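Undergrad: predicted model follows, preceded by the sequence.
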Amino acid sequence: MKATLLSHIPVERVAVFAELAWIERRPELGILCRAAQGDGGRISSERVQSVLPGLRAAGANNVIAWCETLGLFNRGGVLTALGEEVARSNEAPVPEQGVYRLWLARHPVFGRRILALERRSSTPDLRFGELKPLPFEPERGVVFQSVVDPRERFVLRDLPTNHGQIRCIPGTTRATCQFQWRLDFDANRDEWQLDGTIESPQGAMTHMKHDPESVGLDLWDLAAMWGAGPLLKFGRWQPAARRLAVAFNGLSEAEQDTFCKTLRLDQADVPDKGRYTDVIVEDVPIGPASADDAQRWTRSRFDRRLARKPAYRSRATVRQVFIELVQGTPLEQFQPVLPAHDDLVGGGLHAQDPALYWSLVAPVDLAPRTVPPQELASLRAGVRASGVSAEVERSGSGVEGASR
């Protein structure tokens, strides 16, 4: 079972004065952060001196203060999430202030994000007399990766303001952005990605470069929620079986044989992650909603199997074919019934399909030995009744005999 959720994302372009930090390779900071990990997540002057020999206490304290400024430790000397990342990657944010052109986007899945940025000089052409409120504030302290040049990674540290009002110069952009969220329920894995075009530093439009990311949803919980919502239009969701109980009417032959169906949902919600329209859900597991649906479903598959592979079949083989079409499928729990031999070939089958009629009748009428009555009786699949002999199980599909 798979689904793809799509959203069009508006892109804003603004010029703003900001304090940013560019992610650079800094192995010495990685060493300090790993040292803190070894001391329960805390850094001390003594620990800095042991890692960086030759430093006096005052120098070690200056190093700690600088690390706090970078956001690797808090005021209490405790390693932050950013510091944990620096310990892993040896890459740290190096701050700077200036005027930047930012491309912004927001969505419930990825929050308020900077897609790309350019350094700008604060020259009169930026029209700082025409300042407007910032459309929305990007998240701070989060590592962003440029969709123009993925080698560029940066953190928004601050948006300095006068009187608490963040202002910007709005710009125009031809950027287009689509959010694509692929849900693989069977693997319980989700991946989302941004796709579109955006201005390059040279002004030409370039394709966005964005590696897939994951939210980590429990997709079967989501399926159960959809089962109580948009899936009700098509059937009854069974959380334990992880399938949709549906009526037999309207099922295609392929859907009957694969026990899967593709559905279009007008609207589907993901809690706290947005609302999506025109959602295509592929390979939805399906099964019968009732015993009557299961009986009709089984008989349809059974009749097709006999017609698709013309052959003289003994009654034992007919019973085995019926069992094979039921066992291990969602039909089995309803224990559908194969009619008795006389009922199966009666009802005008000789007129509807003479070849199929004689392929069933001849092996019984011309059998070298009388076929046991219990073999000619009806058979309820999934139940080992007295009429289901070991001979039936041994017969297998190879008994279907030579073609006519």
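TA: Yes, it's here.
Undergrad: you'd agree residue 284 is up against residue 263?
TA: Yes: in this structure residue 284 lies within contact range of residue 263 using C-beta atoms under 8 Å: 5.5 Å. The way it works is simple: take the backbone N, C-alpha and C, and place the C-beta from them, glycine included.
Undergrad: can I get the longest helix seen in the chain in PDB, CA atoms only?
TA: If you go by DSSP state H, the chain has its longest helix at helix 291-308. Only the C-alpha atoms of helix 291-308 are listed here, as PDB (Å, rounded to 0.1, in the frame of the first residue of the first chain):
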ATOM      1  CA  ALA A 291     -19.800 -14.300   3.700                       C
ATOM      2  CA  ASP A 292     -22.000 -13.700   0.600                       C
ATOM      3  CA  ASP A 293     -19.300 -11.400  -0.900                       C
ATOM      4  CA  ALA A 294     -16.700 -14.100  -0.200                       C
ATOM      5  CA  GLN A 295     -18.800 -16.800  -1.800                       C
ATOM      6  CA  ARG A 296     -19.400 -14.800  -5.000                       C
ATOM      7  CA  TRP A 297     -15.700 -13.700  -5.100                       C
ATOM      8  CA  THR A 298     -14.500 -17.200  -4.800                       C
ATOM      9  CA  ARG A 299     -16.900 -18.600  -7.400                       C
ATOM     10  CA  SER A 300     -15.900 -15.900  -9.800                       C
ATOM     11  CA  ARG A 301     -12.200 -16.700  -9.400                       C
ATOM     12  CA  PHE A 302     -12.900 -20.400  -9.600                       C
ATOM     13  CA  ASP A 303     -15.000 -20.200 -12.800                       C
ATOM     14  CA  ARG A 304     -12.200 -18.100 -14.400                       C
ATOM     15  CA  ARG A 305      -9.500 -20.600 -13.400                       C
ATOM     16  CA  LEU A 306     -11.500 -23.500 -15.000                       C
ATOM     17  CA  ALA A 307     -12.200 -21.500 -18.200                       C
ATOM     18  CA  ARG A 308      -8.700 -20.100 -18.500                       C
END
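Undergrad: so which elements touch that helix?
TA: The contact analysis (3 or more C-beta pairs under 8 Å, 6 or more residues apart in numbering; DSSP states H and E) places helix 291-308 against helix 253-258, helix 315-326, helix 354-365.
Undergrad: between residue 284 and residue 263, what contacts are shared?
TA: Common contact partners of residue 284 and residue 263 (C-beta atoms under 8 Å, 6 or more residues apart in numbering): residue 231.
Undergrad: if we can go back for a sec, among the helices and strands packed on helix 291-308, which comes closest to residue 182?
TA: Judged by C-beta to C-beta, the one of these that comes nearest to residue 182 is helix 253-258, at 21.2 Å.
Undergrad: show me what counts as buried in the closest one.
TA: Buried residues in helix 253-258, defined by neighbour count with 16 or more other C-beta atoms under 10 Å: 255, 256.
Undergrad: tell me what the next helix or strand along the chain from it is packed against?
TA: Note on helix 253-258: by DSSP states H and E, the next helix or strand toward the C-terminus is strand 260-270. Taking 3+ C-beta pairs under 8 Å, 6+ apart as contact, the helices and strands that strand 260-270 lies on are strand 2-8, helix 219-227, strand 274-288.
Undergrad: okay, residue 284 and residue 263: which has more neighbours?
TA: More crowded of residue 284 and residue 263, by other C-beta atoms under 10 Å: residue 284, with 25 against 20.
Undergrad: what about the residue lying closest to the more buried one once chain neighbours are set aside, how many residues nearby?
TA: Spatial nearest neighbour of residue 284, excluding adjacent residues (C-beta to C-beta, 6 or more residues apart in numbering): residue 261 at 5.1 Å. Using other C-beta under 10 Å, residue 261 is surrounded by 22 other residues.
Undergrad: ok, now which ones touch residue 261?
TA: With C-beta under 8 Å, 6+ apart, residue 261 has these contacts: 234, 244, 246, 251, 255, 283, 284, 286.
Undergrad: contacting residues around the helix or strand hosting residue 119?
TA: Secondary structure from DSSP H and E places residue 119 in strand 111-120. Contacts with strand 111-120, where a contact means C-beta under 8 Å, 6+ apart, come from 11, 15, 20, 98-107, 126, 136-139, 142, 144, 146-149, 152, 154, 156, 175, 177, 194, 198, 201, 208.
Undergrad: got the buried residues for that strand?
TA: Per 16+ other C-beta under 10 Å, strand 111-120 contains these buried residues: 112, 113, 114, 115, 116, 117, 118, 120.
Undergrad: out of those residues, who's nearest residue 335?
TA: Closest to residue 335, out of all of the buried residues of strand 111-120 and judged by C-beta to C-beta, is residue 113, at 54.9 Å.
Undergrad: how about the helices and strands packed on helix 291-308 in TSV, adding distance to residue 305 and mean pLDDT?
TA: Formatted as TSV, those follow (distance: least, C-beta to C-beta, whole Å; pLDDT from 0 to 100):
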stretch	distance to residue 305	mean pLDDT
helix 253-258	10	97
helix 315-326	6	94
helix 354-365	11	89
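Undergrad: tally of neighbours for the closest residue to residue 130 other than its chain neighbours?
TA: Excluding the flanking residues, the one nearest residue 130 by C-beta to C-beta, 6+ apart is residue 169, at 6.1 Å. Residue 169 has 19 neighbouring residues, counting by other C-beta under 10 Å.
Undergrad: shouldn't residue 169 be within a strand?
TA: Yes: according to DSSP: H, G, I helix; E, B strand; the rest coil, residue 169 belongs to a strand.
Undergrad: please enumerate the strands of the stretch 51-200 of the chain.
TA: 91-107, 111-120, 132-133, 143-145, 153-158, 167-171, 176-184, 189-199 (DSSP state E, counting those that start in this stretch).
Undergrad: can you put those strands in CSV and add mean pLDDT and distance to residue 64?
TA: Below are the strands of the stretch 51-200 of the chain laid out as CSV (pLDDT from 0 to 100; distance: least, C-beta to C-beta, whole Å):
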stretch, mean pLDDT, distance to residue 64
strand 91-107, 94, 14
strand 111-120, 94, 29
strand 132-133, 90, 38
strand 143-145, 92, 22
strand 153-158, 92, 18
strand 167-171, 92, 35
strand 176-184, 98, 41
strand 189-199, 97, 38
